[in-house]
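> Have a look at this prediction, sequence included:
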Amino acid sequence: MTKNKIHVVSAPTSDQVDKYQSIFKEDAHVVATAHSVRVDSIVTFDKRLLSKKKMVHVEIITPREFLQRLIESEN
């Protein structure tokens, strides 16, 4: 069974944020951080970010989806 891990990471560089600025605007720092540390998922209630989830190679899910997967992985 895979263990779920939560990590605190450093803020992305301005160059990393700039790569996502045109598409994600005020959420660019979130996506840049996710890509720089190679996360599996971004968990958020942010409807703007969720609406663009097909635009990145990182999974963007709601807290509900995250918890459902967490429960399923324990069974």
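Looks like it arrived, so ask away.

> what's the model's confidence in stretch 41-56, averaged?
The average of the pLDDT scores along stretch 41-56 is 87.

> export that stretch as CSV, just CAs?
The C-alpha coordinates for stretch 41-56 follow below in CSV (Å, rounded to 0.1, in the frame of the first residue of the first chain):
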residue,chain,number,x,y,z
SER,A,41,-2.3,16.3,-7.1
ILE,A,42,-3.4,19.9,-6.2
VAL,A,43,-6.3,19.7,-3.7
THR,A,44,-8.5,22.9,-3.8
PHE,A,45,-11.9,24.4,-3.6
ASP,A,46,-10.8,27.1,-6.0
LYS,A,47,-13.3,26.9,-8.9
ARG,A,48,-11.0,28.9,-11.2
LEU,A,49,-8.2,26.4,-10.7
LEU,A,50,-10.6,23.4,-11.0
SER,A,51,-12.0,24.7,-14.3
LYS,A,52,-8.5,24.6,-15.8
LYS,A,53,-7.5,21.2,-14.6
LYS,A,54,-7.2,19.9,-18.2
MET,A,55,-4.5,22.5,-18.9
VAL,A,56,-1.8,21.1,-16.7
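
> mind checking how far it is from the chain centre?
Average the C-alpha atoms of stretch 41-56, do the same for its chain, and the two points are 7 Å apart (Cα atoms, centre = their mean, to the nearest Å).

> before we move on, what about stretch 26-37?
Per Cα atoms, centre = their mean, the centroid offset for stretch 26-37 relative to its chain is 7 Å.

> and if you look at stretch 12-22?
The chain centroid and the centroid of stretch 12-22 are separated by 15 Å, computed with Cα atoms, centre = their mean.

> How about the contacts made by residue 49?
Under the criterion of Cβ atoms under 8 Å, 6 or more residues apart in numbering, the contact list for residue 49 reads 24, 27, 30, 31, 42, 60. Every C-beta, even on glycine, is put in place using the N, C-alpha and C of the backbone.

> how many other residues sit next to the last one?
Taking other Cβ atoms under 10 Å as the neighbour definition, residue 60 ends up with a count of 22.

> I appreciate the help and will end here.
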